[in-house]
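> Here is my input; please provide its structure:
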Amino acid sequence: MLQPSLTLTLALGGLYTSHSFQIISRATRQNIRSYITIVPRGPRQYNKPQLLLHMHSGPKRRSSIKKVDFSGLTDELTIRIARDLDLDKFVIKSGALGKSSIDKMTPQEAREVLANFVDSHPDAERQVARLVLKHLGINKSVFLSSRGSSLSIDRDAIPSSSTDLNQSFPLEHGEDIMPSLSPVPWLPDDSWASMSYDDKLGFMDHLTHGKFRSEHIFRAQGRSSYFPTANIFKNSAITFGKGMDRVVLGNGPRRVLVLVGIHGNEQCGVEAVKIMLQRKALFTGDADVRSQDLDVNDNWKQPMDELFDRMTVEILLGNPQAVEMNTRFMKKNLNRLFDIHMLCNDASAEEEGYMYELQRAKLIAESIRCADIVLDIHSTSADVGSFALPSSMALSEQLAKCLPVKYVVESLAHMTLDGGTTLDCALLHDVPGICVECGQHSHPDVVSRAAAIISSFLIMQVSVEDGLQPCVKKTDRPIVMKCDNAERVQPGFEWLNQFPEFSFVPEYTPVFRTSERGDVLAPEGGAYIVMPTSSPVVGEEALFWASAK
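Next up, the predicted model:
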């Protein structure tokens with residue numbers, strides 16, 4: 001069997017955990033501590049704009065600007081965005097401030113021009129939002145930022161076989177084989193950069209038990225950064241989800257992003273990825289797949305590497321700290337931070353203590369921006385079969401109906417009350433995306449469902465790349481619904497009745513009660529209840545209402 005090459009980059013953050021630090025010898029630990037002491041990590045130097053754009057995309061929501069205020073943009077970012085928008089023609093035509101070019105303006109004047117431009121152009125908000133994400137994103141993605149640019153992929157340069165992708169793009173003679181980024185999550189990149197070459201070499205030699213060589217370094221096509229390969233670490237203290245936050249498979253032209261662990265207590269995707277990497281194969285299963293099916297070798301007949309000359313698959317762990325603590329999030333719901341206003345608001349993040357999750361959001365947003373398609377794996381608090389939530393793009397909805405799930409709920413992905421989800425971010429950049437809820441967190445079959453869904457999604461990308469129609473047996477097609485409305489948890493929330501998920505609730509049936517609204521009834525005509533929360537959190541969604549298509 002061909003062995004795919006596994007590539008990783010590692011989690012942000014300068015904090016180390018005791019179990020990972022113990023794999024280093026005492027002398028090396030002391031040496032590393034000295035670098036951490038000499039090079040204070042401090043906050044990363046990101047721009048801190050307060051651009052009050054609040055994007056809500058979806059069938060019932062037109063992207064809208066709550067307030068146009070560019071006063072919080074840094075001078076550098078203001079000029080950069082104005083140049084990227086090529087506002088010189090607008091300046092000349094409007095006679096703005098009597099100037100003929102952005103380059104001749106002060107940052108304050110450029111802010112005024114930006115405000116006028118957004119006011120006079122209906123689609124400017126979307127364009128500006130994309131640019132803000134482009135400049136704020138933390139670029140650790142292996143994907144090239146070529147979407148929408150003139151950069152083309154040389155298909156002749158793609159290897160015909162992925163037996164050893166490190167050899168497909170070997171380092172040139174005399175090139176440095178040292179990783180550009182820190183090879184362990186507890187050592188900050190700036191500390192790694194400050195180390196001497198000899199110290200780096202000794203550190204890498206220790207991690208590889210004296211066997212560090214060029215084969216342990218992966219260089220993505222067209223990039224100058226080097227990434228250590230997954231098999232560089234022999235110690236079991238470092239595995240995906242524990243010390244490793246990203247695995248990259250293949251080197252093909254289609255860029256496929258798989259997100260797992262966006263919420264730390266939803267670990268089915270993390271466990272599924274671990275098993276798939278151990279097997280180096282894709283798992284075959286339907287919507288009724290059972291946990292014991294993971295032990296059947298006949299369900300693992302598709303080698304991973306057969307796909308990897310067609311695509312590059314980036315599997316990214318969303319919130320490593322929350323996954324380690326098995327909690328939904330540390331300080332802030334990561335899946336609400338992809339709103340432009342939230343991503344720009346470093347000041348609030350520092351004040352409220354969620355800078356770690358904001359940094360993760362910026363890193364994930366950059367990978368989403370550079371991807372061709374996104375799959376986001378979750379689980380639920382309610383005991384329910386798997387269901388897919390496609391973004392409001394035709395390809396997303398088409399592929400969702402081909403996944404091994406019980407239900408497909410259209411429109412719900414953009415009906416969250418505060419927005420800012422991974423799929424909101426994907427839609428902003430016209431990147432198709434699907435979120436899949438694999439069932440209850442602790443259900444015995446939830447990991448097997450996740451493995452089947454991820455595998456099926458990857459296989460479908462070959463059909464998409466070839467321009468073919470992905471298909472599914474008529475008997476296996478999921479039930480398709482459309483989300484109509486969402487209800488928020490308010491103070492005093494309590495359920496008045498217990499409803500199984502996806503059950504039909506007749507009109508005017510008492511559903512829940514809040515202090516402000518009293519008894520809340522099912523809508524006229526009745527509706528299907530989707531994702532009723534079993535752990536109400538004030539401000540988050542209580543449930544969604546849907547109708548059958």
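> can we go C-alpha only for contacts and neighbour counts from here?
Fine.
> Can you classify residue 402 as helix, strand or coil?
coil (DSSP: H, G, I helix; E, B strand; the rest coil).
> now residue 109
Quick answer, by three-state DSSP: residue 109 is helix.
> If you rank every helix and strand of the chain by mean pLDDT, what lands last?
helix 18-21 (a mean of 30; mean pLDDT, DSSP states H and E).
> what stretches of this structure score poorly on pLDDT?
1-73, 95-100, 122, 138-177, 179-181, 183-190, 207-238, 243, 467-475 (pLDDT under 70).
> for residue 535, what are its contacts?
Contacts of residue 535 were listed using Cα atoms under 8 Å, 6 or more residues apart in numbering, and they are residue 381.
> thought residue 543 was touching residue 495?
No. The pair residue 543 / residue 495 is not scored as a contact, 10.9 Å apart, by Cα atoms under 8 Å.
> what's the longest strand in the protein?
strand 479-488 (DSSP state E).
> Could you list every helix and strand that that strand packs against?
Applying 3 or more Cα pairs under 8 Å, 6 or more residues apart in numbering; DSSP states H and E, one finds that strand 479-488 contacts strand 407-410, strand 541-548.
> Any idea which of those strands gets closest to residue 248?
For residue 248, the closest of the helices and strands packed on strand 479-488 is strand 407-410, at 28.3 Å, according to Cα to Cα.
> could I have the helix or strand just after the closest one exported to PDB, CA atoms only?
Following strand 407-410 in sequence order, the next helix or strand is helix 422-428 (DSSP states H and E). The C-alpha trace of helix 422-428 is given here as PDB (Å, rounded to 0.1, in the frame of the first residue of the first chain):
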ATOM      1  CA  THR A 422     -17.000  29.400  10.000                       C
ATOM      2  CA  LEU A 423     -19.500  29.100   7.200                       C
ATOM      3  CA  ASP A 424     -20.400  32.800   7.400                       C
ATOM      4  CA  CYS A 425     -16.700  33.400   6.900                       C
ATOM      5  CA  ALA A 426     -16.600  30.900   4.000                       C
ATOM      6  CA  LEU A 427     -19.600  32.500   2.300                       C
ATOM      7  CA  LEU A 428     -18.100  35.900   2.600                       C
END
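> Pull the residues that contact helix 422-428.
Residues contacting helix 422-428 (Cα under 8 Å, 6+ apart): 56-57, 126, 130, 335, 338-339, 365, 368-369, 374, 376, 391-393, 413-414, 432-435.
> Just the ones of those in helices?
Counting by DSSP state H, the contacts of helix 422-428 place 126, 130, 365, 368-369 in helices.
> among those residues, who's most crowded?
Greatest neighbour count in the ones in helices among the contacts of helix 422-428, by other Cα atoms under 10 Å, goes to residue 368: 30 neighbours.
> For the longest strand of the chain, buried residues please.
Using 16 or more other Cα atoms under 10 Å as the test for burial, strand 479-488 gives 480-488.
> cool, stretch 412-431 as well?
412-416, 418-431.
> go on, stretch 348-359?
In terms of neighbour count (16+ other Cα under 10 Å), stretch 348-359 has its buried residues at 349, 354-359.
> What's the end-to-end length of stretch 510-518?
Using Cα to Cα, to the nearest Å, the end-to-end distance of stretch 510-518 comes to 10 Å.
> Sorry, slip of the keys, the one I care about is stretch 499-512.
11 Å.
> Go ahead and name everything in contact with that stretch.
Contacts of stretch 499-512 (Cα under 8 Å, 6+ apart): 382-384, 493-497, 519-532.
> make it 10 Å
382-385, 407, 481, 489, 492-498, 518-533, 542-548 (Cα atoms under 10 Å, 6 or more residues apart in numbering).
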